[in-house]
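>>> Let me see the structure of the following:
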Amino acid sequence: MTIPSEMNALLLTGDGFADKPSGPVLEAMEPYVVPGRIGVPTPKPTQVLIKVSLSSINPSDVSFIKGQYGQPRVKGQPAGFEGVGTVVAAGDDPAAQKLVGKRVAFATGTSNWGAWAEYAVSEAAACIPLIDGVRDEDGAAMIINPITALAMFDIVREAGEKAFVLTAGASQLSKLMMGVARDEGFRPIAIVRRDEQIPLLKQAGAAHGLNSEAADFGKSLKEVMQAEKPRIFLDALTGPVAGTIFDAMPRHARWIVYGRMDPATTPIPQPGQLIFMYKRIEGFWLVEWMRSTPPERKLQAIMEAQKRFADGRWVTDITAIVPLSEAMKRVPEELAKPNGKVLIRP
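Predicted coordinates for the structure are as follows:
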C-alpha cells in the first residue's frame, strides 16, 4: 500500500509535566490536545509503523495528556498509548520485519507517536499479533487493561488468600480481573460509588459490592473485612476512601496502588499499623512488570488474554466509537458515561 506523507492526529499542546494536578476527569480536550496534520513517521530499526484501525482511551491517557503521568509530554506529538491496526512498514530488525502485514494490538510506549492518529509507531516488542476471533474492539484495549488484570491477579494468586479488595470496581480492568477470579474460585470485594453499579459487579464475578458513598459504608466495610479477611488491596483511586479501606484491613495487608483517580490527599489513618500489623504500601506499573517478568509468563498472559476475548469469556464493554474528526467535541461527554470504553476511529 501507499503510505501518505502526512496524517491527521490529535496533537499534544503541553510539554513535560503539569505544575499542579487537576484530577482524573477530562472536562474538555482543548487545553490538552488539538487536531492537526503532521508528517507520517519513519520507524527506527526495532520499530513498526501501524495504520491505526481503533485506538483506546484509558485513565492513563487522560493523566498523560494533562501532564500527570510518569512520562513527559512532547508538545506537537500525537497522544494515545494503545490501539489496534495493521503493520504497514518496519525498521530493519528481523523481529520488526516479521510483523509487516499483520493485524496487531500495540502500545506506543515512549515512541512519542501515539495512537490517536491515522498512523502510529510502536516497538516491535510492544506489538501482539492477534489471533482470529479477537475483534478490533477488543484488540484496541488488549494490552493495558487485560495484561494488567492478569499480572495483578498473579499477585492475588501468589498471596494465597481467596478474598481481595479492588477499587474502581465498575472499570473495564476490574471486570476483567473479576472474571478471572470467578473462574478460579476467588472472592473479589469490589468498591464503587453508585448503588446501580452493584448488580453489575455481581454479574462480573464480585463476591461483595460496596458503595463508598453510602451512609453505612464504614459499617459494611468492617463486616466484610472481618468475614473475608482479605490481604491484597488493588487500588486505582487513592484518596480518603482508599485510606479508610486500608485501615479496616487485617494484619499483613498489602495496599498496591496502580492509579490515582482521586487527586485528594491520601491519608494513612493509623501509621502504627505499618509497624505493628506488618502492613505494606507499594505500587504496580505494567511497564515494570513487562521489564521484570520472565518471557514465558508474558507470552502465557498474552495468549490467555487473547483466548478469553476470542471465546467470549471476556468482552470489552464499549460506550462509544468516536470518529477522529469528532473527538474534540465528543470524547469528554462519552467518557462521562459510566461502565464502558471509549475508542477513537481514524
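
>>> mind checking which helix or strand of the protein has the lowest mean pLDDT?
Using mean pLDDT, DSSP states H and E, the weakest-scoring helix or strand in the chain turns out to be helix 286-292, at a mean of 89.

>>> Now do the contacts for residue 287.
Neighbouring residues of residue 287 by C-beta atoms under 8 Å, 6 or more residues apart in numbering: residue 109. Backbone N, C-alpha and C define where each C-beta goes, glycine included.

>>> all strands for the stretch 101-250 of the chain, in order.
103-107, 119-123, 127-129, 163-166, 187-192, 208-211, 232-235 (DSSP state E, counting those that start in this stretch).

>>> Out of the ones you listed, which gets nearest to residue 44?
Comparison of the strands of the stretch 101-250 of the chain against residue 44 by C-beta to C-beta identifies strand 119-123 as nearest, at 8.1 Å.

>>> tell me the average confidence for that closest one?
Mean pLDDT, computed over strand 119-123, is 97.

>>> Then stretch 55-64?
95.

>>> residue contacts, residue 48?
Taking C-beta under 8 Å, 6+ apart, one finds 87, 89-91, 96, 99-100, 104, 106, 121-124, 127 in contact with residue 48.

>>> repeat for residue 197
Contacts of residue 197 (C-beta under 8 Å, 6+ apart): 169, 170, 209, 211, 338, 339.

>>> okay, those in JSON lines with neighbour count, distance to residue 273 and pLDDT next?
Shown next, in JSON lines, are the contacts of residue 197 (neighbours: other C-beta atoms under 10 Å; distance: C-beta to C-beta, whole Å; pLDDT from 0 to 100):
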{"residue": "169", "neighbour count": "29", "distance to residue 273": "24", "pLDDT": "96"}
{"residue": "170", "neighbour count": "23", "distance to residue 273": "28", "pLDDT": "93"}
{"residue": "209", "neighbour count": "21", "distance to residue 273": "25", "pLDDT": "97"}
{"residue": "211", "neighbour count": "18", "distance to residue 273": "25", "pLDDT": "98"}
{"residue": "338", "neighbour count": "14", "distance to residue 273": "33", "pLDDT": "80"}
{"residue": "339", "neighbour count": "15", "distance to residue 273": "34", "pLDDT": "74"}
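
>>> Span of stretch 185-194 from start to end?
26 Å (C-alpha to C-alpha, to the nearest Å).

>>> Centre of the chain to that stretch, how far?
For stretch 185-194, the separation from the chain centroid amounts to 18 Å (computed by C-alpha atoms, centre = their mean, to the nearest Å).

>>> what's in contact with that stretch?
156-157, 162-170, 174, 177-178, 180-181, 198, 201, 204-213, 224, 228, 230, 241, 245, 338.

>>> ok so, going back, same list, the contacts of residue 197, but as CSV with distance to residue 10 please.
Below are these laid out as CSV (distance: C-beta to C-beta, whole Å):
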residue, distance to residue 10
169, 30
170, 26
209, 36
211, 35
338, 24
339, 24
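
>>> residues contacting residue 205?
175, 178, 179, 181, 182, 183, 188.

>>> Correction: the previous question concerned residue 263.
21, 22, 23, 24, 239.

>>> cool, residue 333 as well?
Residue 333 neighbours (C-beta under 8 Å, 6+ apart): none.

>>> Direction included, what does the strand ranked longest in the chain pair against?
The residue-count maximum for a strand in the chain (DSSP state E) belongs to strand 47-57. When pairs are called by DSSP bridges, strand 47-57 turns out to pair with strand 82-90 (antiparallel), strand 119-123 (antiparallel), strand 341-345 (antiparallel).

>>> Could you say which of those is packed most deeply?
strand 119-123 (a mean of 26; mean count of other C-beta atoms under 10 Å).

>>> Quick one: work out the angle between that one and strand 103-107.
If you take axes from the mean of the first three to the mean of the last three C-alpha atoms, to 10 degrees, strand 119-123 sits at 70 degrees to strand 103-107.

>>> Let the chain start at 28 from now.
Got it, the first residue is 28 from now on, which makes the last one we talked about strand 146-150.

>>> then strand 146-150 to PDB, C-alphas only?
The C-alpha coordinates for strand 146-150 follow below in PDB (Å, rounded to 0.1, in the frame of the first residue of the first chain):
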ATOM      1  CA  TYR A 146      -0.700   6.100  11.800                       C
ATOM      2  CA  ALA A 147       1.300   5.200  15.000                       C
ATOM      3  CA  VAL A 148       4.800   3.900  15.800                       C
ATOM      4  CA  SER A 149       5.400   1.100  18.300                       C
ATOM      5  CA  GLU A 150       8.400  -1.000  19.200                       C
END
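
>>> next one: it to chain centre, how far?
19 Å.

>>> Give me the contacts around that strand.
Under C-beta under 8 Å, 6+ apart, the answer for strand 146-150 is 30, 34, 67-68, 70, 73-79, 82, 105, 107, 110, 112, 115, 131, 133-136, 138, 140-141.

>>> Then stretch 267-278?
Taking C-beta under 8 Å, 6+ apart as the rule, stretch 267-278 contacts 192, 194, 218, 239, 244-245, 248-249, 252, 256-258, 260, 262, 280, 282, 284, 289, 291-297, 300, 304-306, 308.

>>> Among these, which ones are in helices?
Assigned to helices by DSSP state H, the following of the contacts of stretch 267-278 qualify: 244, 245, 248, 249, 252, 300.
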